[in-house]
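Participant: using only what follows, build the 3D model:
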Amino acid sequence: MVNNKIYYKRIADDLLDLKLRAFGATNIVGPKWCGKTETAKQKAKSKIMLQKEPDKESLIYTAKINPMALLEGDQPRLIDEWQDAPTLWDAVRSYCDEHHGQGHFILTGSTSKIEETKHTGTGRISTMKMYPMSLYESLESNGSVSLMDLFDGKDQLEKGCISNLTIDDIIFAACRGGWPESILLKDTEAQLAIPKDYFQQIYTRDMFSVDKIKRNQQTMRAVIRSYARNISTLAKKVNIIDDVNATNNISEETLNDYIEILEKLYVVEDLYGWCPQIRSKTAMRSGRKREFVDPSIAVAALGGSPKLYSLDLKTFGFIFETLCIRDLKVYSQALDGEISYYHDNLGLEADCVLHLNDGRYALIEFKLGSMEIEDGAANLNKLEKLIIESGKLRKPDLKIIITGTKYGYKRNDNVFVIPIGCLKN
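Facilitator: This is a model prediction of the structure:
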């Protein structure tokens, strides 16, 4: 319990510890409401909350003329939503230059505004990304299967594993999202109201906080809705433009501008293609796989609900993929890894490829139901065979199918079938 508020341990906690030991300051970035401030508070010994202080305007004015005055306090000192007073960034960097040492400051921000500063902060201010909570962090995944242990050769599925989550539980979790405030609520109706409000605030308020350019609210709403309709697909920009133009006229230049705003707000974070040279004369699909930072944004944009998706599992399959990708992004941070996807023009694919920085990697498929597992395994085995025959890459260290099912196990072909409700980093 911190500040009379329940705090769920985050995977980012250990990463922040490391950053504070290594750098003068750490800048925690990510979408609003994902828990950046509460995570920072666990480590901070003093703080200044720019958006919550009663004398906010005076503080911002002080930051313009004497920013160093706002840096005084026990360290690590938290400067929350520093982008409201961009001069503080340069002040923090200057302080770290003069005083050396580590762990002086923690900054948080929900909007990327580093371009308004004089210096990037390289070598002084390290950036750390946070996401909404994974199912393991929200205590919904029992964490009986560790990705790191699998990479290290520990077979945790010798006797199988069992998820506590039903398909209805998974659907609700995706619709509710990984927002800490929502997870803390006991009222399910109120939990579902939070992502709806988040979606509305993106195009009615948040997009105006990035810069001084006036943009159309309804156009932004249409762009987000189109993104939601194309979630977890390789939809090209022309498809999104055609979609948006059904109600709003938009050019590719304008679409690029609106997508950039969503990226600066950390609302969308697309997945990029992995393009190894393993098959001659075969084109790789290197376009972006359209993804939100949390599946609940897509659900809210589309007017979805747990009841609706319980009757339409085919559509929910795309939402489920985004849920899995969100969790893997969280888990991969703890593994010092990153994720991509594989897809070639002959139709061979892996929904996700998890790369570790030491060269190890896993091929991953997402399959909501048990009926799809055989197809997923066939895909992974075919891709593994192609990689081995090419002689250009090490063979994958793991082949994994992440499912919405109850039971997990290791197949005879060495494919791990793991329920999302059993997974952790």
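Participant: hey, let's count contacts and neighbours off CA atoms from now on
Facilitator: Noted.
Participant: off-centre distance for stretch 29-40?
Facilitator: 12 Å (C-alpha atoms, centre = their mean, to the nearest Å).
Participant: give the contact list for the closest residue to Ile11 other than its chain neighbours.
Facilitator: Of all residues not flanking Ile11 in the chain, Ala334 sits nearest, at 6.7 Å (C-alpha to C-alpha, 6 or more residues apart in numbering). The contact partners of Ala334, by C-alpha atoms under 8 Å, 6 or more residues apart in numbering, come to Ile11, Ala12, Leu15, Asn425.
Participant: from Ser144, how far off is the last one?
Facilitator: Right, Asn425. As judged by C-alpha to C-alpha, to the nearest Å, Asn425 and Ser144 stand 10 Å apart.
Participant: do the third one as well
Facilitator: The gap separating Leu15 from Ser144 is 22 Å, by C-alpha to C-alpha.
Participant: which one of these two is surrounded by more residues?
Facilitator: Ser144 (18 against 15; other C-alpha atoms under 10 Å).
Participant: kindly provide the distance from that one to Ala173.
Facilitator: 19 Å.
Participant: repeat that for Lys52.
Facilitator: From Lys52 to Ala173 the distance is 30 Å (C-alpha to C-alpha).
Participant: I figured Lys19 hits Thr26, correct?
Facilitator: Yes - between Lys19 and Thr26 there is a contact under C-alpha atoms under 8 Å: 6.4 Å.
Participant: shared neighbours, those two?
Facilitator: Taking C-alpha under 8 Å, 6+ apart as the criterion, Lys19 and Thr26 both touch Gly103, Ser126.
Participant: more crowded one of those two?
Facilitator: A count of neighbours by other C-alpha under 10 Å puts Thr26 above the other of Lys19 and Thr26, at 28 against 21.
Participant: wait, isn't that one in contact with Gly109?
Facilitator: No - if you go by C-alpha under 8 Å, Thr26 and Gly109 don't touch, sitting 11.0 Å apart.
Participant: if we can go back for a sec, would you turn the contacts of Ala334 into a markdown table with pLDDT?
Facilitator: Output for the contacts of Ala334, formatted as a markdown table (pLDDT from 0 to 100):
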| residue | pLDDT |
| --- | --- |
| Ile11 | 97 |
| Ala12 | 97 |
| Leu15 | 97 |
| Asn425 | 96 |
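Participant: of these, which belong to helices?
Facilitator: Mapping the contacts of Ala334 onto helices (DSSP state H) picks out Ala12, Leu15.
Participant: quick check, nearest of the contacts of Ala334 to Asp187?
Facilitator: Distances from Asp187 to the contacts of Ala334, taken as C-alpha to C-alpha, are shortest for Ile11 (25.8 Å).
Participant: which residue lies farthest from the center of this structure?
Facilitator: Most distant from the centre of the chain: Ile65, at 36.2 Å, with distances by C-alpha atoms, centre = their mean.
Participant: where in the protein is the helix or strand with the lowest mean pLDDT?
Facilitator: Lowest on mean pLDDT, DSSP states H and E among the helices and strands of the chain sits helix 56-65, with a mean of 87.
Participant: dump that helix to PDB, restricted to CA.
Facilitator: This file holds the C-alpha atoms of helix 56-65, laid out as PDB (Å, rounded to 0.1, in the frame of the first residue of the first chain):
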ATOM      1  CA  LYS A  56       0.400  24.600 -11.600                       C
ATOM      2  CA  GLU A  57       0.600  27.900 -13.600                       C
ATOM      3  CA  SER A  58       3.100  29.300 -11.200                       C
ATOM      4  CA  LEU A  59       5.200  26.200 -11.400                       C
ATOM      5  CA  ILE A  60       5.200  26.300 -15.200                       C
ATOM      6  CA  TYR A  61       6.200  30.000 -15.200                       C
ATOM      7  CA  THR A  62       9.000  29.200 -12.700                       C
ATOM      8  CA  ALA A  63      10.200  26.400 -15.000                       C
ATOM      9  CA  LYS A  64      10.600  29.000 -17.800                       C
ATOM     10  CA  ILE A  65      12.700  31.400 -15.900                       C
END
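Participant: okay, now Gly35: neighbour count?
Facilitator: Applying other C-alpha under 10 Å, we find 21 residues neighbouring Gly35.
Participant: now it: how far from Ala300?
Facilitator: In terms of C-alpha to C-alpha, Gly35 sits 20 Å off from Ala300.
Participant: which pLDDT value goes with Lys118?
Facilitator: pLDDT, Lys118: 54.
Participant: sketch out the low-pLDDT regions of this structure for me.
Facilitator: Applying pLDDT under 70 to the chain flags the ranges 1-4, 112-122, 279-285.
Participant: hey, where'd the strands end up in it?
Facilitator: 25-29, 46-49, 77-80, 105-109, 125-129, 145-146, 161-162, 337-343, 349-356, 361-367, 398-403, 407-410, 415-419, 423-424 (DSSP state E).
Participant: with distance to Gln277 added, can I get these in CSV?
Facilitator: What follows is the strands of the chain, written out as CSV (distance: least, C-alpha to C-alpha, whole Å):
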stretch, distance to Gln277
strand 25-29, 34
strand 46-49, 49
strand 77-80, 45
strand 105-109, 39
strand 125-129, 30
strand 145-146, 30
strand 161-162, 36
strand 337-343, 12
strand 349-356, 14
strand 361-367, 16
strand 398-403, 20
strand 407-410, 29
strand 415-419, 24
strand 423-424, 31
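Participant: what's the closest of those to Arg215?
Facilitator: Here strand 105-109 is closest among the strands of the chain (C-alpha to C-alpha), at 21.8 Å.
Participant: can you list the strands that the closest one pairs with?
Facilitator: Here strand 105-109 is paired, per DSSP bridges, with strand 25-29 (parallel), strand 77-80 (parallel).
Participant: distance to Gln102 added to these, as CSV?
Facilitator: Converted to CSV, the strands paired with strand 105-109 look like this (distance: least, C-alpha to C-alpha, whole Å):
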stretch, distance to Gln102
strand 25-29, 7
strand 77-80, 12
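Participant: of all those strands, which one is nearest Lys5?
Facilitator: Closest among the strands paired with strand 105-109, once you apply C-alpha to C-alpha, is strand 77-80, at 17.6 Å.
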